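> 3D, please:
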Amino acid sequence: QVQLVESGGGSVQPGGSLRLSCAASGNIFSRNAVGWYRQAPGKQRELVAVMTSGGTPDYADSVKGRFTISRDNAKNTLYLQMNSLKPEDTAVYYCNAVISFGSRWLAAGSWGQGTQVTVSS
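Numbers count the residues shown, from 1 in each chain. This is a model prediction of the structure:
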């Protein structure tokens, strides 16, 4: 089974930027839709960005215009560029393969350990 390792989190002030990385142990990003999730304390995990196998991105309204999902198939790595960060973006961020189920995307693989993002002044 493909292992996913997230990195790049940290602490930043509001308005700052971070770039998260998700390294896969195998080639999944070019063959599957993939997504970035986040989970804030006391809240359910939510999907914030998706990239289809064909490379089409989609975003949750809460991050649209601020976050950019991208991938490097040669490096088996998925990225999430996060700009104009807000305190409400504070969460543990995870990547995963996703599958389409009706109008929804569902996580399809095992979860990694995630990477913590903290936005605070």
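
> what about S110, how many residues close to it?
By the criterion of other CB atoms under 10 Å, S110 has 11 neighbours. Where C-beta positions appear, they are placed from N, C-alpha and C, glycine not excepted.

> just the buried positions in the longest strand belonging to the chain, please.
Longest strand in the chain, counting residues (DSSP state E): strand 91-101. Buried residues in strand 91-101, counting neighbours by 16 or more other CB atoms under 10 Å, are found at 91-98.

> quick one: mean pLDDT over the helix or strand just after it.
Where DSSP states H and E defines the elements, the next helix or strand beyond strand 91-101 is strand 104-107. What strand 104-107 shows for mean pLDDT is 93.

> going forward, begin numbering at 49 instead of 1
Renumbered: residue one is now 49, and that last one reads strand 152-155.

> quick check: which helices or strands does strand 152-155 pack against?
When contacts are defined as 3 or more CB pairs under 8 Å, 6 or more residues apart in numbering; DSSP states H and E, strand 152-155 sits against strand 81-87, strand 139-149.

> mind checking which of these is nearest T116?
For the helices and strands packed on strand 152-155, the distance to T116 is smallest for strand 81-87, at 10.5 Å, taking CB to CB.

> and the next element down the chain from that closest one?
Next along from strand 81-87, by DSSP H and E: strand 94-99.

> buried sites along the next helix-or-strand element following that following strand?
Using DSSP H and E, the helix or strand that follows strand 94-99 towards the C-terminus is strand 105-107. For strand 105-107, the buried set under the neighbour-count rule, 16+ other CB under 10 Å, comprises Y107.

> equivalent analysis for stretch 83-99, please.
Those would be 83-86, 93, 95-99, for stretch 83-99 by 16+ other CB under 10 Å.

> out of the residues you listed, who's nearest R67?
W84 (11.6 Å).

> quick one, what contacts that closest one?
68, 70, 95-98, 115, 117, 126, 128, 141-143 (CB atoms under 8 Å, 6 or more residues apart in numbering).
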